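> Starting from these lines, generate the structure:
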Amino acid sequence: KKHFTISTKGIKEGDFTMIYGFPGNTQEYILSDAVAYIAERSDPAKIAIRTGRLDIISAAQESDPALRIHYAAKHASIANAWKKWQGEAMGIGRLGTVASKRAYEQEFAAWAQDKPEYRSVVADLKAEYARIADAYFAREITRETLGALPERYTPEERAEAAFARREQTERALFEWLFGQYARRCPVQYQIPAFLAGVAASGSPEAYAGEVFDTLWREGADTTAVHALHKDTERILGHIDWMLGTKSLRNLNSKILNELYTTYIKGLREWDRERAFYPDANLTLRVAYGTVEGYSPVDAVYYEPFSTIDGIMEKDNPDIYDYNIPQRLRDLYRTKEYGRWNVDGSVPVCFLATNHTTGGNSGSPVLNAGGELIGINFDRTWRSTMSDIAFDPAICRNIAVDVRYVLFVIDRIGGAGYLFGEMDFSRRK
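Sure, this is the predicted structure:
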């Protein structure tokens, strides 16, 4: 049985931190072509599509408490990547990543001119990106639009009290996403059954209404709807075949994978001063850094620590996500924080310079003695471009201070007896 010793000593700016986990995906070494695709084509399109979905869902939530609850998880799920893509595109633009990578590639290509193994690899990579960009974009748009809609409404859904009140919202989502698919997906990759349906109905929105009516009516003939889904699967399968790989979380192909093997080998021979470390790929990854705030814009500095005072500043019983538990309000009023009192408050979160990504949520954050000081759960919004370009001046991970976790167990949950099952550091 393995477990961490917990440190309640506290932390200060500049302290060492280390984090490890099994994060999913970074793309540190991709070409400028791929970065431009992300920041200038893919992210803006997906942001616009999800903005429309969120607007429709938010309007429903504001109109009806039952719909607010029903759509809460869907809203959060849609918004998660939506916010990430906005920060990513903004960070890539701020850093000038496309231009800096392009210059780097040109320097490498100049070095490689008299080396047959590497002479053409940059040009070959660029040619492959040009070949697959439209196909991959079609795949993304299809999944963000038609792929985001239900294939049917289950008997369990139909039995819910709020089901009938969802009709207007569900219809609006169908119309929005059919319209976005028609206007954004490259026409050579649009689904034949979809094109036929639009031609027969007169517009994507009219066709969406017909498909929705069929799905919404219990017992209706869904043959044509199933044909649309089959055609969708067929075109996505064709794109996968064209790209030659099932590993398509990013703009990728079998040929790109082979070329990048050569490219990275050449980079390591050429740029001997650079520290090359593997991209995240769901295997164990360790990162280290320090507790640090940052300055996002001129004359502004974000401190690396937050406290319970910040939680209470956001307390608003009228907004579901900011309705603080009454027990916390009571403790804040009386200041009965017990052993977790630090200068009249309770530490809540801290920032550090560890390189994290999706999949690092829940990763332990350790101090220089290998003791648990926090639990990672996010990055700052301006850090989301770190999957592609890590900027140590501004990229920060966010962790909950273990002392706040213990405070909640003890003072909110009344479960301090659990501390008997934990090991605490005696280091001063």
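
> so where's the stretch 301-428 of the chain uncertain?
Nowhere does the stretch 301-428 of the chain drop to pLDDT under 70.

> Now with 80, please.
320, 428 (pLDDT under 80).

> which stretches of it form strands?
With DSSP state E, counting those that start in this stretch as the criterion, the stretch 301-428 of the chain has strands at 305-307, 347-352, 364-366, 372-379, 397-401, 423-424.

> what's the closest of these to D43?
Nearest to D43, of all these, is strand 372-379, at 16.0 Å by Cβ to Cβ. For glycine as for every other residue, the C-beta is placed from the backbone atoms N, C-alpha and C.

> Which residues are in contact with the most centrally placed residue in the chain?
Centroid-nearest residue in the chain: A81, 4.1 Å away (criterion: Cα atoms, centre = their mean). Applying Cβ atoms under 8 Å, 6 or more residues apart in numbering to A81 gives the contacts K46, R50.

> Surely it is in a strand?
No. Using DSSP: H, G, I helix; E, B strand; the rest coil, the assignment for A81 is helix, not a strand.

> Look up how far R165 lies from it.
27 Å (Cβ to Cβ, to the nearest Å).

> Now K84: closest residue in space that isn't a chain neighbour?
Nearest residue to K84 in three dimensions, chain neighbours excluded: T384, at 4.7 Å (Cβ to Cβ, 6 or more residues apart in numbering).

> Can you get me a residue count around that neighbour?
Applying other Cβ atoms under 10 Å, we find 24 residues neighbouring T384.

> which ones are touching it?
When contacts are taken as Cβ under 8 Å, 6+ apart, T384 is in contact with K83, K84, W85, G87, E88, G91.

> who are the neighbours in contact with the residue lying closest to the first one once chain neighbours are set aside?
Distance criterion Cβ to Cβ, 6+ apart; nearest residue to K83, sequence neighbours excluded, is W381 at 6.7 Å. Residues near W381 by Cβ under 8 Å, 6+ apart: K83, Q86, G87.

> Which among these count as buried?
Among those, those buried by neighbour count (16 or more other Cβ atoms under 10 Å) are Q86, G87.

> Adding pLDDT, write the contacts of W381 out as CSV.
Shown next, in CSV, are the contacts of W381 (pLDDT from 0 to 100):
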residue, pLDDT
K83, 95
Q86, 97
G87, 95
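
> And the contacts of W381, which is closest to R131?
Taking the contacts of W381 together and measuring to R131 by Cβ to Cβ, the closest member is Q86, at 28.8 Å.

> For the closest one, give me its contacts.
Contacts of Q86 were listed using Cβ under 8 Å, 6+ apart, and they are D43, I47, W381.

> so of the residues you listed, which ones are in helices?
D43, I47 (DSSP state H).

> Going along the chain, name the strands of the stretch 151-300 of the chain.
285-290.

> Where do the helices of it begin and end?
Counting by DSSP state H, counting those that start in this stretch, the stretch 151-300 of the chain has helices at residues 155-158, 167-184, 192-201, 204-216, 223-243, 254-270.

> Done for today, thanks.
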